[in-house]
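A.B. asks: quick one, structure for this:
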Amino acid sequence: MQTMPAMRERISSLTLRRIAATLGRNDVDAGYGDGAPLPLGWHTVLCQPLVTRSAMAPDGLPLDDPTLPHHPYEQRLFGGARIWVQENLRVGDDVECRIVPGDFAEKSGSSGPLAVYQFERRYFAGDTLGISETSSVIYRPATRQEASVRADTRRPPAVPEHRADWRTVRTVSIDEIDVFRFSAIMFNSHRIHFDADYTRGVEGLPGILVQAKLLLLHALECVPSRADLRGTVVEYRSHHPAYTVQPLQIEARAAAGETMQLRVVQDSRTCLTITVSRAEP
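C.D. replies: Here you go, the predicted structure:
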């Protein structure tokens with residue numbers, strides 16, 4: 001399997017301070033100098049493709065995304081990812097992200113046929129592999145009408161039973177400004193994150209979507225901080241879109257050993273589930 005051309009970026013204090021401000025941290029003006037460790041999950045904003053306006057599709061995504069191949073099914077949705085921290089990355093590191101393409105798996109879901117594409121991002125500092133992230137993207141042939149029916153009338157299952165096992169550890173309100181700021185950090189111009197008329201009229205969704213990665217970073221704020229993240233594994237899966245219209249609850253429940261389970265809930269729907277554990281480096 002051939003690796004695609006790499007993308008490079010230096011981890012800067014300014015980028016981390018912008019993430020901290022977006023998450024509402026109180027340490028925006030300190031703690032992110034050269035050599036400071038990269039917080040858990042924050043690598044996801046690094047090494048994003050730089051796309052000119054003429055190379056964008058009407059939805060704001062690249063016409064030719066180097067990470068995602070073309071498929072007859074045009075609608076793309078984030079499915080989930082597994083992050084494995086093998087070595088700590090730090091402010092000042094020159095990071096190279098190497099993308100390893102994968103394969104499509106054709107499947108049939110409750111809403112019809114779909115294809116799941118899995119690929120890997122590997123983040124190196126010099127010759128050292130710091131973080132590997134395997135992501136799944138779902139392709140499906142939804143029309144505007146089908147999307148409207150799915151968003152407006154097919155209510156997903158409520159949060160699982162035995163809710164007593166879970167406790168709310170944080171409540172977060174994410175509005176259009178928060179989503180815009182995070183999109184700016186990631187150089188993400190997908191219109192579903194800022195254009196309400198497009199999102200409702202073309203995509204058939206009820207409002208502005210919150211990025212799954214922004215949900216993830218808010219949830220990871222509930223994980224006890226460690227200076228040494230080596231061996232940390234984060235597995236997260238998207239279940240339902242989150243919108244900028246209602247607060248989100250971040251819930252946690254006990255798990256065996258050093259494992260921590262989290263989920264992001266909005267209006268009794270589970271939007272994202274996250275498991276944080278430890279593995280041998």
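A.B. asks: any weak-confidence spans in the stretch 51-200 of the chain?
C.D. replies: By pLDDT under 70, the weakly predicted segments of the stretch 51-200 of the chain are 142-164.
A.B. asks: spit out the contact partners of the closest residue to residue 41 other than its chain neighbours.
C.D. replies: Leaving out its chain neighbours, the residue that sits closest to residue 41 by C-beta to C-beta, 6 or more residues apart in numbering is residue 220, at 4.7 Å. Using the backbone N, CA and C atoms, a C-beta is placed for each residue, glycine as well. Contacts for residue 220 were tallied using C-beta atoms under 8 Å, 6 or more residues apart in numbering; they are 39, 40, 41, 234, 274, 276.
A.B. asks: let's see that with 10 Å instead.
C.D. replies: 23, 39-42, 83, 234, 236, 250, 260, 262, 274, 276 (C-beta atoms under 10 Å, 6 or more residues apart in numbering).
A.B. asks: how close does the nearest residue in space to residue 91 that is not next to it in sequence get to residue 45?
C.D. replies: In space, not counting the residues next to it along the chain, residue 91 is nearest to residue 36; the distance is 4.6 Å by C-beta to C-beta, 6+ apart. Plainly put, residue 36 is 16 Å away from residue 45 if you go by C-beta to C-beta, to the nearest Å.
A.B. asks: quick one: which of these two has more around it?
C.D. replies: Of the pair residue 36 and residue 45, residue 45 is the one with more neighbours under other C-beta atoms under 10 Å, namely 22 against 16.
A.B. asks: rewinding a little: which one of the contacts of residue 220 sits closest to residue 116?
C.D. replies: Residue 116 lies nearest to residue 236 out of the contacts of residue 220, by C-beta to C-beta, at 15.8 Å.
A.B. asks: that's a strand at the closest one, yeah?
C.D. replies: Yes. According to DSSP: H, G, I helix; E, B strand; the rest coil, residue 236 belongs to a strand.
A.B. asks: right, I'll call it a day here.
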